Every structure is written in C-alpha cells, then in structure tokens.
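**Q** quick one: sequence plus predicted model below, questions after.
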Amino acid sequence: MNSRLMALSSKLIFRRSMRMFTTSASRFNKDEGFPDPLDLATGMEKKEMLARLNGNDDPYNLKAIKKGVGSKDKPTEIPSAFEARIVGCVCEEDSSHIKWMWLYSGEPKRCICGHWYKLIHKESFL
Ligand SMILES: [Zn+2]
C-alpha cells in the first residue's frame, strides 16, 4: 500500500515539474545582436556598472587592504562611507583565522596583535 502510494505521489510530483518553458530568439535581430547590458540595467546595478566604466573597479570597497606600518602614529587607513565598519585583521601571515572588530570614525583602534587601524571617510559612489 505504502509503495503504491509513493509511486502515485512521485508521479504527481513528476507531472507537476514537467511544465513547459519556451523561449524565443525572434526578439533579437541577428544584425543588431543582443542589447547592451548597460541599457538594460536599472537602479543599483546601473550605478555600479557606471562606476566601473569610470574606472572605479571596487565601488563597495570590498578588496583586501594591505597593512601599512600600523603604528599609532601611522595607522592603516580603512576607507568607509559610513561612521563605522567591520575590519578583519590577519594578525600573522600564516594565521588561519581573522580577528574581526568594529572600527569607528575618529577612534583609531589597536588590534590584539598591536596593529593600528583608522577609519577615513570616503564618498560613496552612489
Ligand atoms: Zn591583528
């Protein structure tokens, strides 16, 4: 009974997943090609694409920043468009974990490894 019920339910599930999906290439003319993605993008995606076209390859400041001297007088500067940012410090070169900490504007902070960080204001690309 159970196996018959299972077979019946699997048939129903299979039947439901057999919806047809069709696409048509008639919208795109061979001579014109596909439309430019910049023309199709809107909102944040378009702003990001325009920033990249203007030479800003890291509009969200997500690339890793190499540590500088890191002393109290010359802290590593971390750009941010906000008043605070989470910073991850790889304290030792061979370390397998990252020490995460909040960094606030106007308050340079020392990591447990002794390296200093300072938040600097950077205009948002938006
Ligand atoms: Zn550290």
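**A** Now that the structure is in, tell me what you want to look at. Numbers count the residues shown, from 1 in each chain.
**Q** can we go C-alpha only for contacts and neighbour counts from here?
**A** Fine.
**Q** from the ion, how far off is residue 91?
**A** With the distance defined as C-alpha to the ion, to the nearest Å, residue 91 ends up 4 Å from the ion.
**Q** do you know the pLDDT at the closest residue to that residue other than its chain neighbours?
**A** The spatial neighbour of residue 91 that comes closest, neighbours along the chain excluded (C-alpha to C-alpha, 6 or more residues apart in numbering), is residue 113 at 5.7 Å. According to the model's per-residue confidence, residue 113 sits at a pLDDT of 94.
**Q** neighbours of residue 113, how many?
**A** Each residue near residue 113 was counted by other C-alpha atoms under 10 Å, and the total is 11.
**Q** just the one 3 residues further on next, same as before
**A** Burial measure for residue 116: 21 neighbouring residues, criterion other C-alpha under 10 Å.
**Q** can you check residue 49 too?
**A** Each residue near residue 49 was counted by other C-alpha under 10 Å, and the total is 17.
**Q** repeat that for the one 5 residues further on.
**A** Other residues within reach of residue 54, judged by other C-alpha under 10 Å, total 9.
**Q** mind checking how far it is from residue 125?
**A** 11 Å (C-alpha to C-alpha, to the nearest Å).
**Q** cool, and residue 31?
**A** Plainly put, residue 31 is 36 Å away from residue 125 if you go by C-alpha to C-alpha.
**Q** doesn't residue 46 lie inside a helix?
**A** Yes - counting by DSSP: H, G, I helix; E, B strand; the rest coil, residue 46 is located in a helix.
**Q** didn't it look like it was pressed against residue 38?
**A** Yes - here residue 46 reaches residue 38: they are 6.5 Å apart, a contact under C-alpha atoms under 8 Å.
**Q** looking at these two, which one has more neighbours?
**A** residue 46 (15 against 12).
**Q** thank you, goodbye.
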